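Undergrad: Let's see this in three dimensions:
(one chain, ligands or ions: 2)
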Amino acid sequence: MTAVTLLRPRDAAVTADGWFARLWRSWTARRARREHERECLVFAEHLRYVWRDACEGVGACRMVDTATGMTVRTPKIGRIVLGPPTSFLVELIPGQEPQDITRVGDRLAHSMCFERLRVVPYAGRWVRIELLAADPLDEQFGLDRISVRTCRERVLLGVDEHGQELHHAFAGAAHVALQGQNGSGKSQFAYGLLSQLAGADDVRIAGSDITGLLLGRPFDGTVHRPWQMAGTADIEGHALLLERLVALMDERLAALPERVDKLEPSPSMPLFVVVLEEFPGLLRAAGALSKPARGERAVIDRIKSANLRLLSEGRKVAFRVVTLAQRAEAEALGGGFARDQYALRLSFRVPGDSLEMLHGPTARELGERHGTAEPGIAVVSAPGHELARARVPYLGEYAEYCDRIATTARKEP
Ligand SMILES: Nc1ncnc2c1ncn2[C@@H]1O[C@H](COP(=O)(O)OP(=O)(O)OP(=O)(O)O)[C@@H](O)[C@H]1O
Ligand SMILES: [Mg+2]
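TA: Ligands and ions are numbered 1, 2, ... in the order given. Modelled structure (predicted):
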């Protein structure tokens, strides 16, 4: 009986830890390892083949004339890591840059039956290609209750496709333009931005908001509120507010000491973040007002010229303009000159032509995909940074924004 039991390996493995069970386990483990290695080799070979095929298909290759005829040269694959994520090193062909692969990344990934592809510089002419089964920006994330103490600290803008956080310090000289279709996440992004900034001693959140949601009521009783105009009941009031800001800017410019061309923000001389929510709507509302009396300027012209002055001269004396629009057409932003002044630009879901309009021709490749982007996904251009796709944080309910402003913003004395 004992001998029979030993010859039944499954029972032996379960019921006893004898020599046969150990032998059986190590044999099955070795066999599984060998099978796995064989499958890995087959997969690696398949990857080399589909990579070469995909590169040829999207034109990331070069035709070389040899003695035996024309051959196609594609970026050569080096070490492969099965992941996840599946990744491999690639040696770029001479003259090729990592951006040349990124530009056709989506088409390459789809040809290889993956959802996305990430190009990470590795060393010299080598880059690492990471194949992703899902868009890394698919998952929404919240914004911790973080608030900066000064405009020199950086606020969180979002997280890019590499999982890197993107930040921006408002003390850095940059006006900000946000565009995006209805419901694409502009206001939510602005909620996150302002809730991070509202508690800084050397910042005043000013501006005009015809919707009355971003500015206005949430700031009642705070030091920021006197510098804000909300709602559509008094459109001329928006012009007056912007003119008040221009007058302050002029005062600051005139008071700059000799041999100084830039004002350092401080609690007594705060940096003004001038938010213009739905600015094209404000211009439309101002344009619909009745004609001014003889000798008076039209409200729309007053708004446009104040906006232009803040954009062109405000930078030196701590004024930063943040403009939100559904489409950043030159006309809608107060002219082509005005639009050119924005250094930090974010586009939420917009059609391809609008994307290119704000970010230039390098954004063309992203155009098709970005036209159907989920709310909260933006294309970001910033000085010194390559164009990036990012997901911005989501604050949640509107009441949460109101609560954060109420708890962090300094109250009026
Ligand atoms: N970062 C985000 N993550 C997830 N969902 C978001 C995000 N931002 C916005 N949303 C969703 O999209 C909806 C619309 O967002 P939001 O009001 O910010 O759009 P908008 O671009 O300001 O639109 P409008 O032009 O109409 O003012 C939100 O109510 C929310 O459900
Ligand atoms: Mg909005």
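Undergrad: Ramachandran angles for the residue in the chain that ligand 1 sits nearest to?
TA: Proximity of the chain to ligand 1 (CB to the nearest ligand atom) peaks at Gly376, 2.4 Å away. Just so you know, the C-beta spots here come from the backbone N, C-alpha and C atoms, and that holds for glycine as well. With angles defined as degrees, to the nearest 10, Gly376 sits at phi 90, psi 0.
Undergrad: Show the contacting residues for it.
TA: Gln140, Gly185, Gln188, Phe189, Phe348, Arg391, Val392, Tyr394 (CB atoms under 8 Å, 6 or more residues apart in numbering).
Undergrad: What residues does the residue nearest to the first one when sequence neighbours are not counted make contact with?
TA: Nearest in space to Gln140, with sequence neighbours left out and distances taken as CB to CB, 6 or more residues apart in numbering, is Tyr394 at 5.1 Å. With CB under 8 Å, 6+ apart as the criterion, the residues that contact Tyr394 are Gln140, Phe141, Gly142, Leu143, Gln188, Gly192, Gly376.
Undergrad: tally of neighbours for the fifth one?
TA: Here the number of neighbours of Gln188 (other CB atoms under 10 Å) works out to 21.
Undergrad: And Gly352, by the same measure?
TA: Gly352: 16 neighbours (other CB under 10 Å).
Undergrad: now Cys61
TA: For Cys61, using other CB under 10 Å, the count is 17.
Undergrad: Torsion angles phi and psi at it?
TA: Note on Cys61: its backbone torsions stand at phi -150, psi 180 [degrees, to the nearest 10].
Undergrad: Pretty sure it sits against Cys55.
TA: Yes: counting by CB atoms under 8 Å, Cys61 does reach Cys55; the two are 4.9 Å apart.
Undergrad: Residues that sit against both of these two, list them.
TA: Counting by CB under 8 Å, 6+ apart, the residues touching both Cys61 and Cys55 are Thr74, Pro75.
Undergrad: Spatially, what comes nearest to Met229 if we skip its sequence neighbours?
TA: Leu241 (4.1 Å).
Undergrad: One more: Val379?
TA: Distances taken as CB to CB, 6+ apart put Ser347 closest to Val379, at 4.7 Å, once the chain neighbours are dropped.
Undergrad: The one you found contacts Gln179, correct?
TA: Yes: contact criterion CB under 8 Å: Ser347 and Gln179 qualify, at 5.2 Å.
Undergrad: Spit out the residues that contact the two alike.
TA: Ala328, Ser354, Leu358.
Undergrad: These also near ligand 1: which ones?
TA: With the criterion set as CB under 6 Å from any ligand atom, no member of the shared contacts of Ser347 and Gln179 is near ligand 1.
Undergrad: most neighbours, which of these?
TA: For the shared contacts of Ser347 and Gln179, counting by other CB under 10 Å, the largest number of neighbours falls to Ala328: 25 neighbours.
Undergrad: quick check, that residue in a strand?
TA: No: using DSSP: H, G, I helix; E, B strand; the rest coil, the secondary structure at Ala328 is coil, not a strand.
Undergrad: Contact residues of the stretch 151-300 of the chain facing ligand 1?
TA: Taking CB under 6 Å from any ligand atom as the contact definition, the stretch 151-300 of the chain meets ligand 1 at Gly180, Asn182, Gly183, Ser184, Gly185, Lys186, Ser187, Gln188.
Undergrad: and the last one, what does it touch?
TA: If a contact means CB under 8 Å, 6+ apart, then Gln188 has Pro375, Gly376, Val392, Tyr394, Leu395 as its contacts.
Undergrad: Please repeat the previous calculation with a cut-off of 6 Å.
TA: With CB atoms under 6 Å, 6 or more residues apart in numbering as the criterion, no residue contacts Gln188.
Undergrad: Check for me that it belongs to a helix.
TA: Yes: Gln188 forms part of a helix when assessed by three-state DSSP.
Undergrad: pLDDT score assigned to the residue nearest to Val379?
TA: Per-residue confidence (pLDDT) for Ser347: 97.
Undergrad: can you check Leu6 too?
TA: pLDDT for Leu6: 38.
Undergrad: Strands of the stretch 201-350 of the chain, start to end?
TA: Secondary structure of the stretch 201-350 of the chain (DSSP state E, counting those that start in this stretch): strands at 203-209, 228-230, 271-277, 319-325, 342-347.
Undergrad: Average pLDDT for the helix or strand hosting Met63, rounded please.
TA: With secondary structure defined by DSSP states H and E, Met63 is part of strand 62-66. The average pLDDT within strand 62-66 is 86.
Undergrad: quick one: strands adjacent to that strand?
TA: strand 69-73 (antiparallel) (DSSP bridges).
Undergrad: tell me the mean pLDDT for the strand it pairs with?
TA: Strand 69-73 comes out at a mean pLDDT of 87.
Undergrad: residues making contact with whichever helix or strand comes after that strand?
TA: Next helix or strand after strand 69-73 toward the C-terminus (DSSP H and E): strand 76-81. Applying CB under 6 Å, 6+ apart, the external contacts of strand 76-81 come out as Ala44, Arg48, Trp51, Ser87, Phe88, Leu89, Val90, Glu91.
Undergrad: Return a PyMOL selection command for the buried portion of those residues.
TA: Selection of buried members from the contacts of strand 76-81 for PyMOL, criterion 16 or more other CB atoms under 10 Å:
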select buried, resi 44+51+87+88+89+90
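Undergrad: Show me the contacts of strand 76-81 that map onto strands.
TA: When DSSP state E is applied, those are split such that Ser87, Phe88, Leu89, Val90, Glu91 fall in strands.
Undergrad: Nearest residue to the first one in space, please, no chain neighbours.
TA: Leaving out its chain neighbours, the residue that sits closest to Ser87 by CB to CB, 6+ apart is Glu130, at 4.4 Å.
Undergrad: right, and that neighbour touches Leu117 too?
TA: No: at 7.0 Å, Glu130 does not count as touching Leu117 under the criterion of CB atoms under 6 Å.
Undergrad: list residues touching both of the two?
TA: Taking CB under 6 Å, 6+ apart as the contact rule, Glu130 and Leu117 touch no residue in common.
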